[in-house]
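*Asks:* pasting the sequence and the predicted coordinates here, then a few questions.
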Amino acid sequence: MNEYTKHFIRENIVKILLSIPKTVIFNFKVLPVKSAIKMPFIVSYNVKLGGDT
């Protein structure tokens, strides 16, 4: 890992951790399980998700 990547992770660790639940939920709702496990989409914690409910 280069220095830029380490710095980015150090500065944004809280945002990254807050984004994990929303990322997991989004991937499993919109993709088949086999694809969702690979986590192809990353959703930030401050993104509002909506749709047909």
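*Replies:* The structure has been received and is ready for your questions.
*Asks:* C-alpha only now, for contacts and for neighbours.
*Replies:* Will do.
*Asks:* list the buried ones in the lengthiest helix in the chain?
*Replies:* Counting by DSSP state H, the longest helix found in the chain is helix 3-30. By neighbour count on 16 or more other C-alpha atoms under 10 Å, the buried set for helix 3-30 is 16, 19, 22-24, 26-27.
*Asks:* send the alpha carbons of the next helix or strand after that helix over as PDB?
*Replies:* Note on helix 3-30: by DSSP states H and E, the next helix or strand toward the C-terminus is helix 33-36. Only the C-alpha atoms of helix 33-36 are listed here, as PDB (Å, rounded to 0.1, in the frame of the first residue of the first chain):
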ATOM      1  CA  VAL A  33     -26.300 -13.400  -4.100                       C
ATOM      2  CA  LYS A  34     -23.300 -14.700  -6.100                       C
ATOM      3  CA  SER A  35     -22.600 -11.300  -7.500                       C
ATOM      4  CA  ALA A  36     -23.500  -9.400  -4.400                       C
END
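*Asks:* just for the protein, where's the confidence low?
*Replies:* Scanning the chain for pLDDT under 70 picks out 52-53.
*Asks:* that older thread, how far does the longest helix of the chain sit from its chain's centre?
*Replies:* With C-alpha atoms, centre = their mean, to the nearest Å as the basis, helix 3-30 stands 5 Å off its chain's centre.
*Asks:* related to what we said a few turns ago, which of the buried residues of helix 3-30 sits closest to Gly51?
*Replies:* Using C-alpha to C-alpha, Phe26 comes nearest to Gly51 of these, at 11.7 Å.
*Asks:* look up the closest residue to the closest one, ignoring the ones flanking it.
*Replies:* The shortest distance from Phe26 to any non-neighbouring residue, by C-alpha to C-alpha, 6 or more residues apart in numbering, is to Val43 (7.6 Å).
*Asks:* which strand or helix spans that neighbour?
*Replies:* Applying DSSP H and E, one finds Val43 in no helix or strand.
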